[in-house]
Every structure is written in C-alpha cells, then in structure tokens.
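J.: give me a model of this one.
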Amino acid sequence: MILYPAIDLKDGQCVRLLHGDMDKATVFNNSPADQAQRFVKDGFSWLHVVDLNGAIEGKSVNTAAVQSILESISIPVQLGGGIRTLEGIEAWIEAGVSRVILGTVAVHDPDLVRKAARLWPEQIAVAVDVRDGKVAIDGWTGLSDIDAISLGKRFEDVGVAALIVTDISRDGALTGVNVEGVGELADAVSIPVIASGGVAAVADIERLKARKGVEIAGAILGRSLYAGTIKPAEALVAAAA
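T.: Coordinates of the predicted model:
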C-alpha cells in the first residue's frame, strides 16, 4: 500500500481543513516546499497536493506554491484542485506533476477525463469525494446526484490510474477511516482505489490492509501526520507489511 502525505494549499500556505470547510483552516507550515522536503526525509515515496482555492474557483490558484514544491523534491507528486481543462492538465504534467487528479470535471464532463486518460495513460486520477452518499463538487461546496460507484464505473478501462475516495464527514476529523465505504468501491471497480479522509492512526492502515476483497492501493495521510497521531516510520512499516 502506498502512503500519500498530503499538502493542502490555501493562500500559499500548507493547511488542514475540518470537513473541507475553508473557514476551518489550521495553518501548519508557511512554506509548502519545506513541508514537502520534510515528508521526503520521513521516507514517503509519493506526495499528494491539493490547491484548495483552485478547487473552489475552478482554476489553478496556488501555482507558485505548487511549483516551489516540484522544484524542491524529486519524489512523484499527484495534484488536484481546479484543474478542469486538457490545457490545464498538460501544463501541470509538463511542469513535472506525475499524476493529475480530476474531481468536478469527472462529474460534469466525463468525456474530458476519458480523453485525458488516453492522452496521458496512468497519469490521471479521479477524485471521488463523498458526502451523504453522493459525490461532492466545486471544492466540496456543491453536491451532485451521482454516487461513488456510478462515478467510478464511468472510467473503467480508459487508463485512469486511481480513484481517490474521500469520506468528507471524516476528513480532517481524525475519527478513523471508512473502511466499508472505501472497500465497497474497490470491490465494484477494476481501477485501483486510494482511501482518504479520517485516517487517524496506524490501526486505520492495518484495517484497510486487513479487509477481505480487493486490496486498497493506497491511503492519504493529512491531519494525522501534522497532529502527530501517526508516526511516519510506523505507518510505512504497516503499509509495507
């Protein structure tokens, strides 16, 4: 299982939100590049970056912060938040992003996602952000009428690298990961699934790994790393077990 430490960017700073609420942001580092380097030193092999302002505005906003991260580390980076055009995807891949995460556009324009996956095989991921059983959009400020499994099935066999499923009700709350919800999606699709939202302790990683059914490909670690409820070395050992 690959662990993805998360850097969420708001106004150029590294923050964590509670349940995706921009008004409930805690700043953990004024230098995203410094935070990225810390995660590399901790031994992580990937980095998960989200442009929070971009997700709401529908275009890349924290561009300078993302570029500073890309320049400061050599491990692969997956980036999401406000990327909704083929031109935007191409620009970030050319800038050095290894995997682009598409969320809102996957609901509104699935053909764009399919085309992107054909143009950049294994470099496109789809964010499946779930609130009350439906997929949230526009930086989690809106709700669609599609459920997680229906969204995931749209992108079978087109070369999407991963589905990143987030339980918004648990995100940033350190309440434990929704193993059942993540597992239900993983069992229903052939695309690798990455779990996000509520991963609070090493036990959550162990629970994801222990479930019967299709194995969970990865987990995103956010507030748990910043708050110290997960120690990187222990998490990496559990994920590799």
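
J.: the strands in the chain, which residues?
T.: Here the chain has its strands, by DSSP state E, at 2-10, 13-18, 21-29, 47-51, 77-80, 99-102, 124-131, 134-137, 142-143, 162-167, 193-196, 218-221.

J.: so for V179, which of these sits nearest?
T.: strand 193-196 (7.9 Å; CB to CB). (Each C-beta comes from the backbone N, C-alpha and C, glycine too.)

J.: any idea how far that closest one is from the chain center?
T.: 8 Å (CA atoms, centre = their mean, to the nearest Å).

J.: quick one: contacts for K59?
T.: With contacts defined as CB atoms under 8 Å, 6 or more residues apart in numbering, K59 is in contact with G82, R84, G88.

J.: quick one on the thing from earlier: so can I have JSON lines of the strands of the chain showing mean pLDDT?
T.: Shown next, in JSON lines, are those (pLDDT from 0 to 100):
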{"stretch": "strand 2-10", "mean pLDDT": "98"}
{"stretch": "strand 13-18", "mean pLDDT": "95"}
{"stretch": "strand 21-29", "mean pLDDT": "94"}
{"stretch": "strand 47-51", "mean pLDDT": "98"}
{"stretch": "strand 77-80", "mean pLDDT": "98"}
{"stretch": "strand 99-102", "mean pLDDT": "98"}
{"stretch": "strand 124-131", "mean pLDDT": "96"}
{"stretch": "strand 134-137", "mean pLDDT": "96"}
{"stretch": "strand 142-143", "mean pLDDT": "96"}
{"stretch": "strand 162-167", "mean pLDDT": "97"}
{"stretch": "strand 193-196", "mean pLDDT": "98"}
{"stretch": "strand 218-221", "mean pLDDT": "98"}
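
J.: hey, which of those strands is tucked in deepest?
T.: strand 193-196 (a mean of 28; mean count of other CB atoms under 10 Å).

J.: that older thread, tabulate the contacts of K59 (CSV), appending distance to I230, neighbour count and pLDDT.
T.: Output for the contacts of K59, formatted as CSV (distance: CB to CB, whole Å; neighbours: other CB atoms under 10 Å; pLDDT from 0 to 100):
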residue, distance to I230, neighbour count, pLDDT
G82, 28, 24, 96
R84, 32, 20, 96
G88, 32, 19, 98
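
J.: on that earlier part again, so can I have CSV of the strands of the chain showing distance to T175?
T.: Below are the strands of the chain laid out as CSV (distance: least, CB to CB, whole Å):
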stretch, distance to T175
strand 2-10, 16
strand 13-18, 11
strand 21-29, 15
strand 47-51, 19
strand 77-80, 22
strand 99-102, 23
strand 124-131, 15
strand 134-137, 18
strand 142-143, 21
strand 162-167, 9
strand 193-196, 13
strand 218-221, 14
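
J.: relative to K115, how far out is the nearest residue to Q123 once chain neighbours are set aside?
T.: Of all residues beyond its chain neighbours, the one nearest Q123 is R99 (5.3 Å), with distances taken as CB to CB, 6 or more residues apart in numbering. From R99 across to K115, the span is 16 Å (CB to CB, to the nearest Å).
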